[in-house]
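Peer 1: Generate coordinates for the sequence data below:
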Amino acid sequence: MTSQKIQRLLEPSDVSAAHRFALDYLNSSFAHIDDLDGIDQVLLQTQARSSELQRQLSASQQSIDSLVTKTRVAALANLDTARGLAEERKLVENEMTYLSHELVSSLSPLNSEAKPTLLEDIETMHRILKELESVRAYVAVIERTLTLSEGALTQLHGTPSPLSKSSTSEYDRLSAFVSNVIQTCDGVQDIGIVEQSLHLVAFVRRIRDKTWSDIKEIFSAKLNSALENLQWPTAVDYPAASVHDRKSFESAFKDLILLQEIGENTEGLKNRLEIGSRGLYPLETLAHAISLRFKYHFETERETNRLDKPEWYLSHIMNVAHDHRPFMDNIIQRLLLGTKYQRVNAWQNYVTLLIPILERKLRRTVPTLLSRPALLAHTVYQALIFDSNMRELGYEFVVGADASKAEEKGGISSVILCQKEWFDAWLEGEKKFAEDQYHEIISSSDAWTIVDDDSNDSDEFKHSRSAAELKATNSARRIKALVEQVTDRYSPLPSFAHRTRFLIHVQLPIVEQYYSRVSSSLDAFETLSSALVRAVPGALGVEGTKTDSRKLTAGVEGSQRLCKALLSARYVESSMQRWGEEEFFLELWTEINHRAALRTRAEMHPSLPHSADHQSNKNDAPECTIFEELVIQYTKLASRAEDMLVSQVCGETEAALKPHFVAITSPRDESDVQNADDGIAVPPSLLPSIALLSAHLTFLRNTLPTATTTQVYRRIATHISEHILQREVLFRPGLTRGQFRTGLAREQARSVHAESELWAETCQAALRTSRARAEGPWARLLVAGRLLGTSRQEVDRAVKEVLGGQGDSWEDALDAVTSLGSGGLGKEEVKTVLRLRDDL
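Peer 2: Predicted coordinates for the structure are as follows:
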């Protein structure tokens, strides 16, 4: 019942409505008077009904009061309940707010401090559970692998000799299980699982390999026991050993060979391919004993372990290889017969196993030598010698695939040379040593002393040149020795790339610096002898700046300085020509031109020839040597020194002749006439120039090689002869030509003749040569002098042939007079000379 209905029922009755209802009822029931008869009955019924209604009213009122009371009680109870529910609602709202915060993910960027949600916790637990299951499987695989490994070792501990395939059945199971694990892991596609599987694969492989190594150790221990009875690692006297010891050794040896065969069949093709570099199992055991002894002597604190004595440990290994060779060739090689390794060279394989001992030693030693260039260079040199000696013994070093492509020869030296930092340090040390040697040579007090001692030259060089040709300065000889020393240092290098770098960075700079030194000396000489005289310290032995420049550049001393430069340049030039023809440099130059990288590096260096300039075809080898460019430079330098020498002698001689030319064109006094009457045709003014030339030529003969002296003499004599011929004969001042010509007086003609003969005689005496050789360069002057000084009767035929004859018969006529033919004079020049005679 609703509250509205309850309120409506509690409202009091409407009296006016009751009256209206009663009135309406009476009106409808008692419309006529006749109807009043029944009013009593109606009254009674109404009274009865009223009583009933009153009773119902009382009952209803009681019911209402009871219901209101109950309703009030229920309302109070409901009110209390509502209050409780409201409190519970607030609690629920608070709980829902908390739970809503808990539902925010820890990965949400909006709330960095949020904790993982329940779902995330559940997912994490599922993931951990999955990982634990994987770990369980992982551990199960490891456990199985270890169990099989232990079983394989246990099986072989008591295996009798000889070894058979069945003896390694447990290891076969291990290998098959590992292969199955690898195959299963390779098929997994999940990236995360793949990464985990790869670790598992690596681990089970290590267990398999470690098991095989332990199996090898079991049989190696048996072989070591037998080797102790044979006194290994000393040289083995196998025939002197007891039969039991030999049988024990051979049995243990064959067991290891059989084990290796089984291992290769089990481990697959890959290991079979590695046999060349891995070595035979029994030989590994033999080499292990050598390694232990090597460590004891050369890797501990013993006195034999010295950084400055790399030859000790290198010679130790080489001696071991040499001493054990008979045992390897005669015994071990025989034991390999009938096995699958019968084609393996036992000694070669044994030495291959010894080489890593030295490589390990070098890798530990070299870093400590980088700051000590001398010891590093000594170590590299000893390593190169070791490689060379081993090759002479017949050993072929094993090289890797990269080295094979590069055509390298390998060797323990490659441990150092193939490390760029180590090679650069060694190269820099060698360069500094060479530079120090060079400066010491140049700075020595006798650097420019000319010597002809050939004691330092090779027999080949002595036989290729005469003794006189060996003259040179001390510096040139020492530079030659230094360059050859450098060649000896890098010629054993196995790599052509390393040789090329050594050539460019160490050897060529020595020759280039010496070239610059000699060239600067010539520059200094030109400066000292020029109008603006300046002294250049250190120029060909010139010390200081207070020396008189005239004394430094004039006379024999000046020629001596030029001869020093000339001899130095010629000597080094000749040496480089010989070096270029040597097999080592021919091979290096060929490789440089065949390899693009080396060719590019060579073309960038100005002192190496450009092969394109010396090739008729791109595919042909260059027609030059490796020192061709430097030879050309030194040839030009020597030619420059020679030109300066010729100019020096000719200039001084011409300067000395000036007073003479003045004297012969001046009016003669009575003393000159008296001298002519006495038959002395040579004037005293000529003697200083003749003495000067004689001094120069004597010095050149004693200093320069014969061929060079001859060449220089011809140039000097030809120039002076032409100068005298022009000044004293052909264009002599004071003479006129034509119809009213004035020729030479008889005394003057005789003087010219005597002077020309004196020049030739002086040169012959100075050079100590034949008359014909001395007269050659003076031929033009001698012919002119003889034509002027010969009597009229002797020269008549020549005059007729020259002035009136036809053809070449005039030369024969001249030869009868001069014994030199025309001497190089043209017919017109001969006519001019003849017209200077006063008797024609």
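Peer 1: in stretch 810-818, what counts as buried?
Peer 2: 810, 811, 813, 814, 817, 818 (16 or more other Cβ atoms under 10 Å). Quick note: C-beta positions are derived from backbone N, CA and C, even for glycine.
Peer 1: for stretch 586-595, same thing?
Peer 2: For stretch 586-595, burial by neighbour count (16+ other Cβ under 10 Å) applies to 588, 589, 591, 592, 593, 595.
Peer 1: Strands - which of those land there?
Peer 2: The strands, defined by DSSP state E, take in nothing from the buried residues of stretch 586-595.
Peer 1: Quick check, residue 725 in contact with residue 780.
Peer 2: Yes - here residue 725 reaches residue 780: they are 5.6 Å apart, a contact under Cβ atoms under 8 Å.
Peer 1: any idea of the mean pLDDT in stretch 53-67?
Peer 2: Averaging pLDDT along stretch 53-67 gives 86.
Peer 1: make that stretch 603-613, sorry
Peer 2: The model assigns stretch 603-613 a mean pLDDT of 77.
Peer 1: chain center to it: distance?
Peer 2: 20 Å (Cα atoms, centre = their mean, to the nearest Å).
Peer 1: What are the buried residues along that stretch?
Peer 2: 605, 607, 608, 609, 610, 611.
Peer 1: do stretch 201-215 as well
Peer 2: 201, 203, 204, 207, 208, 211, 212, 215.
Peer 1: same deal with stretch 349-368?
Peer 2: For stretch 349-368, by 16+ other Cβ under 10 Å, it's 349-355, 357-358, 361-362, 365-366.
Peer 1: Residues contacting that stretch, please?
Peer 2: Where contact means Cβ atoms under 8 Å, 6 or more residues apart in numbering, the residues beyond stretch 349-368 that reach it are 277, 279-280, 283-284, 286-287, 290-291, 294, 298-299, 307, 310, 313-314, 317, 320-321, 324, 328, 332, 376, 379, 383, 386, 390, 395, 397-398, 412, 415-416, 419, 422.
Peer 1: are any of these buried, and which?
Peer 2: 279-280, 283-284, 286-287, 290-291, 294, 298-299, 310, 313-314, 317, 320-321, 324, 328, 332, 376, 379, 383, 386, 390, 395, 397-398, 412, 415-416, 419, 422.
Peer 1: Take the residues you listed and keep only those in helices.
Peer 2: Among the buried ones among the contacts of stretch 349-368, the residues falling in helices (DSSP state H) are 283-284, 286-287, 290-291, 294, 298, 310, 313-314, 317, 320-321, 376, 379, 383, 386, 390, 415-416, 422.
Peer 1: thinking again about what came up before, can you list which of the buried residues of stretch 603-613 are found in helices?
Peer 2: Going by DSSP H, the helices hold none of the buried residues of stretch 603-613.
Peer 1: Between all of the residues you listed, which two are separated the most?
Peer 2: Across the buried residues of stretch 603-613, the longest distance by Cβ to Cβ is 14.0 Å; it joins 607 and 611.
Peer 1: right, and residue 712 touches residue 647 too?
Peer 2: No - in this structure, residue 712 is not within contact of residue 647 by Cβ under 8 Å, at 11.1 Å.
Peer 1: Name the residue in the two with the higher neighbour count.
Peer 2: When neighbours are counted by other Cβ atoms under 10 Å, residue 712 comes out ahead of the other of residue 712 and residue 647, with 22 against 15.
Peer 1: Need the CA coordinates for the helix or strand where that one lies. PDB is fine.
Peer 2: Secondary structure assignment for residue 712, by DSSP states H and E: helix 706-724. The C-alpha trace of helix 706-724 is given here as PDB (Å, rounded to 0.1, in the frame of the first residue of the first chain):
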ATOM      1  CA  THR A 706     140.700   7.100 -67.200                       C
ATOM      2  CA  ALA A 707     137.600   7.300 -69.400                       C
ATOM      3  CA  THR A 708     136.300  10.300 -67.500                       C
ATOM      4  CA  THR A 709     139.700  12.000 -67.700                       C
ATOM      5  CA  THR A 710     139.800  11.400 -71.500                       C
ATOM      6  CA  GLN A 711     136.400  12.800 -72.000                       C
ATOM      7  CA  VAL A 712     137.000  15.900 -69.800                       C
ATOM      8  CA  TYR A 713     140.400  16.500 -71.500                       C
ATOM      9  CA  ARG A 714     138.900  16.400 -75.000                       C
ATOM     10  CA  ARG A 715     136.300  19.000 -74.000                       C
ATOM     11  CA  ILE A 716     138.800  21.200 -72.300                       C
ATOM     12  CA  ALA A 717     141.400  21.000 -75.000                       C
ATOM     13  CA  THR A 718     138.900  21.400 -77.800                       C
ATOM     14  CA  HIS A 719     137.500  24.500 -76.200                       C
ATOM     15  CA  ILE A 720     140.900  26.100 -75.400                       C
ATOM     16  CA  SER A 721     142.300  25.100 -78.900                       C
ATOM     17  CA  GLU A 722     139.300  26.800 -80.500                       C
ATOM     18  CA  HIS A 723     139.700  29.900 -78.300                       C
ATOM     19  CA  ILE A 724     143.400  30.200 -79.200                       C
END
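Peer 1: Please identify the buried residues of it?
Peer 2: 708-710, 712-713, 715-724.
Peer 1: before we move on, what about stretch 643-654?
Peer 2: 644, 645, 646, 648, 649, 650, 652, 653, 654.
Peer 1: what does that stretch rub up against?
Peer 2: Contacting residues not belonging to stretch 643-654 are listed as 522, 525-526, 529, 553-555, 558-559, 562-563, 566, 689, 692-693, 696, 700, 712, 715-716, 719-720, 723 [Cβ under 8 Å, 6+ apart].
Peer 1: which residues does residue 505 contact?
Peer 2: Residue 505 sits next to 427, 431 when contact means Cβ under 8 Å, 6+ apart.
Peer 1: Kindly give the local confidence score, pLDDT, for it.
Peer 2: 93.
Peer 1: what's the average pLDDT for stretch 410-425?
Peer 2: According to the model, stretch 410-425 has a mean pLDDT of 90.
Peer 1: Using PDB, write out every CA atom in it.
Peer 2: Provided in PDB are the C-alpha atoms of stretch 410-425 (Å, rounded to 0.1, in the frame of the first residue of the first chain):
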ATOM      1  CA  GLY A 410     104.300 -17.100 -44.900                       C
ATOM      2  CA  GLY A 411     106.700 -17.800 -42.000                       C
ATOM      3  CA  ILE A 412     106.900 -16.700 -38.400                       C
ATOM      4  CA  SER A 413     108.000 -13.300 -39.500                       C
ATOM      5  CA  SER A 414     104.500 -12.700 -40.800                       C
ATOM      6  CA  VAL A 415     103.300 -12.600 -37.100                       C
ATOM      7  CA  ILE A 416     105.100  -9.300 -36.900                       C
ATOM      8  CA  LEU A 417     104.900  -8.100 -40.500                       C
ATOM      9  CA  CYS A 418     101.200  -8.700 -40.900                       C
ATOM     10  CA  GLN A 419     100.400  -6.500 -37.900                       C
ATOM     11  CA  LYS A 420     100.300  -3.000 -39.300                       C
ATOM     12  CA  GLU A 421     101.200  -1.300 -36.000                       C
ATOM     13  CA  TRP A 422     104.200  -3.600 -35.500                       C
ATOM     14  CA  PHE A 423     105.400  -3.400 -39.100                       C
ATOM     15  CA  ASP A 424     105.100   0.400 -39.000                       C
ATOM     16  CA  ALA A 425     107.100   0.600 -35.800                       C
END
